[in-house]
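Asker: got a structure for you, letters missing:
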């Protein structure tokens, strides 16, 4: 080992180049429910909480079963059998709309039979063009694929696409293989296939873009008969398999390279793999060497993104490694450069205390200004003037503004308009589905991945305390699951349209609330309440580390709040207050570096004041054993 005493304070990493890790690298496997019928070589697909396994082999040389089971996140339930018993088949889709295809019987040895599941019954549909065993499959029941496999005597390189009715052969893979795996929840036009047997096992990985295959970095370990999960060609999980010998290894793909992460508790091969992402997967069944029904669930924390914070160095005086961190409770607000004019009820975003973008639309002119940590400069005019608290997300170089009102009074004239800012100019893009006055429900994501939830809706009928939720994917908005508690004038923050946070707000009849809800891309979950109920408040940060500041305590006096609270992923704690209590703040940033601009301050006057929230670095010791 190197003599680190000679380093004498050398900074191994700078803050801007700290090593980062994918979310999956913080994950681990835990035991789930046991299958009713132990088996391997089955056809499975779905998510961690809604998965199916149909057919499969009860032993290494059996012709297979027609059993079909579904998993609900805790236990397996037997349901309607498939029509044709087999092993070595493939599957894709969901527990209500699935496909099983190909496989093996004693006679004929290789099948092209395809069956479709509608949630209650299996129906034989059009056969595959090439009878095959154990390919890598994925997609949906109306847009699926089968890549590779085994035809008697040879590894197959064929790729077939399923359109809900029939199969079509398309471009062959570069490397033929069977017993491979894929990111099985990925779209038909964007997936990755990895591992498999080319006699011997291979580590080869290839991505598919809808028209061609590209070889990418190999797995760390060659193996076949493995399981796979994932939602795209840039995010996948590979686990279990034959290496040779039974494998417990798990590898995560981040679009560039594979990283070994937490092992399964039971080494096995010919498993049934499924999962909606590389951070949520299911491994069931397989051989150990006998058939098993054991199920393991892989879960990664939603905000695992960094291996260390700050700078790591060796302190030669104390003979210890040190790491810099930024504990949020140690933060404070300080005065920044004033906005060019008083500003309220507008749109504001930012990534830090030195990066802000605020649109001052109250004056009737759609002017925007950027903040660099000292002063504000023009950021160009929006395409369409709007009033009354637009949704904002992103940063001063890649921003999103949506909703608002095209003229007072606000609610009857609510807008669906969405505009993107590229750092110099504004462009109109896909409209919201529901005309909305977002009422501070912003800063939930980025310019390409955001959430807007709650607020006031002008159409089809005025709703003062809304619960509607829409997700932005960079080009269009889609309606998603509603908030548990409808509200307006709430704080909002988050990193994407699958990881966002709604804080406080106003609830009927017109009271402040302390309720907080987290969004995971599928549903809203209530989490720890703020200590003080507030609405017309501002929130910055992520779902695991957030800051909530300013707002209105209505109906409890005084109405304008300077309170600041920090969230650690579980609970809120009061930290340093703003210098001036105010509501309808424009702001954004993180829990350690944020900005608060303008708003109403007592006695109701609009302000141009800017305050910057920063957290000083603190050192802690790393104990090395």
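Answerer: Good, I have the coordinates. These numbers were taken from a predicted model, which means no experiment stands behind them.

Asker: Report the secondary structure element holding residue 486.
Answerer: Assigned by DSSP states H and E, residue 486 falls within no helix or strand.

Asker: Who are the contact partners of it?
Answerer: The neighbourhood of residue 486, defined by Cβ atoms under 8 Å, 6 or more residues apart in numbering, consists of 454, 463, 465, 466, 467, 507. All C-beta spots, glycine's among them, are computed from the backbone N, C-alpha and C.

Asker: of all the residues you listed, which two lie farthest apart?
Answerer: By the measure Cβ to Cβ, 463 and 507 form the most distant pair in the contacts of residue 486, at 12.7 Å.

Asker: Among the contacts of residue 486, name the ones in strands.
Answerer: Counting by DSSP state E, the contacts of residue 486 place residue 507 in strands.

Asker: among the contacts of residue 486, who's most crowded?
Answerer: Highest neighbour count within these: residue 454, with 30 neighbours (other Cβ atoms under 10 Å).

Asker: quick one: it from residue 348, how far?
Answerer: 17 Å (Cβ to Cβ, to the nearest Å).

Asker: okay, now the nearest residue to residue 566 once chain neighbours are set aside: neighbour count?
Answerer: Nearest in space to residue 566, with sequence neighbours left out and distances taken as Cβ to Cβ, 6 or more residues apart in numbering, is residue 328 at 4.4 Å. Residue 328 has 20 neighbouring residues, counting by other Cβ under 10 Å.

Asker: Need the per-residue pLDDT for residue 328.
Answerer: What the model reports as pLDDT for residue 328 is 79.

Asker: Make 27 the first number, not 1, from now on.
Answerer: Okay, residue one is now 27; in that scheme the one you just asked about reads as residue 354.

Asker: pretty sure residue 412 contacts residue 428?
Answerer: No - taking contacts as Cβ atoms under 8 Å, residue 412 lies outside contact range of residue 428: 9.4 Å.

Asker: Give the residues shared as contacts by the two.
Answerer: Taking Cβ under 8 Å, 6+ apart as the contact rule, residue 412 and residue 428 both touch residue 443.

Asker: quick one: average pLDDT of stretch 234-244?
Answerer: Mean predicted confidence for stretch 234-244 is 94.

Asker: just stretch 593-600 next, same as before
Answerer: Computed over stretch 593-600, the average pLDDT equals 89.

Asker: what do you get for stretch 282-291?
Answerer: 91.

Asker: Am I right that residue 395 sits in a helix?
Answerer: No - read with DSSP: H, G, I helix; E, B strand; the rest coil, residue 395 is strand and lies in no helix.

Asker: give the contact list for residue 571.
Answerer: Residues near residue 571 by Cβ under 8 Å, 6+ apart: 329, 354, 592, 593, 594, 595, 616, 617, 618.

Asker: my read: the last one touches residue 642, true?
Answerer: No - in this structure, residue 618 is not within contact of residue 642 by Cβ under 8 Å, at 9.5 Å.

Asker: Just give the number of residues close to residue 583.
Answerer: Neighbours around residue 583, by other Cβ under 10 Å: 7.

Asker: Next, the contact list for it, please.
Answerer: Counted by Cβ under 8 Å, 6+ apart, residue 583 has zero contacts.

Asker: Check residue 299 too.
Answerer: 70, 207, 210, 252, 253, 254, 255, 265, 266, 307, 308, 309.

Asker: can you pull up the bridge partners for the first one?
Answerer: Partner residues in beta bridges with residue 70: residue 79, with DSSP bridges as the criterion.

Asker: Residue 147 against residue 107, yeah?
Answerer: No - with contact defined as Cβ under 8 Å, residue 147 does not count as touching residue 107 (10.1 Å).

Asker: Which of those two has more residues huddled nearby?
Answerer: Per other Cβ under 10 Å, whichever of residue 147 and residue 107 has more neighbours is residue 107, with 14 against 11.

Asker: Surely the more buried one is in contact with residue 90?
Answerer: No - judged on Cβ under 8 Å, residue 107 makes no contact with residue 90 at a distance of 11.8 Å.

Asker: Stretch 548-555: how far from the chain's middle?
Answerer: 15 Å (Cα atoms, centre = their mean, to the nearest Å).

Asker: Contacts only, for the spatially closest residue to residue 296 that is not a sequence neighbour.
Answerer: Distance criterion Cβ to Cβ, 6+ apart; nearest residue to residue 296, sequence neighbours excluded, is residue 66 at 3.6 Å. Residue 66 sits next to 82, 83, 294, 295, 296, 297, 298, 311, 312, 313, 317, 318 when contact means Cβ under 8 Å, 6+ apart.

Asker: now the end-to-end length of stretch 107-114.
Answerer: Start and end residues of stretch 107-114 are separated by 16 Å (Cα to Cα, to the nearest Å).

Asker: how about that stretch: buried residues?
Answerer: 108, 110, 111, 112, 113, 114 (16 or more other Cβ atoms under 10 Å).

Asker: re earlier: please identify which of the contacts of residue 66 is nearest to residue 76.
Answerer: Once Cβ to Cβ is applied, the member of those that ends up nearest residue 76 is residue 298, at 14.0 Å.

Asker: Lovely, talk soon.
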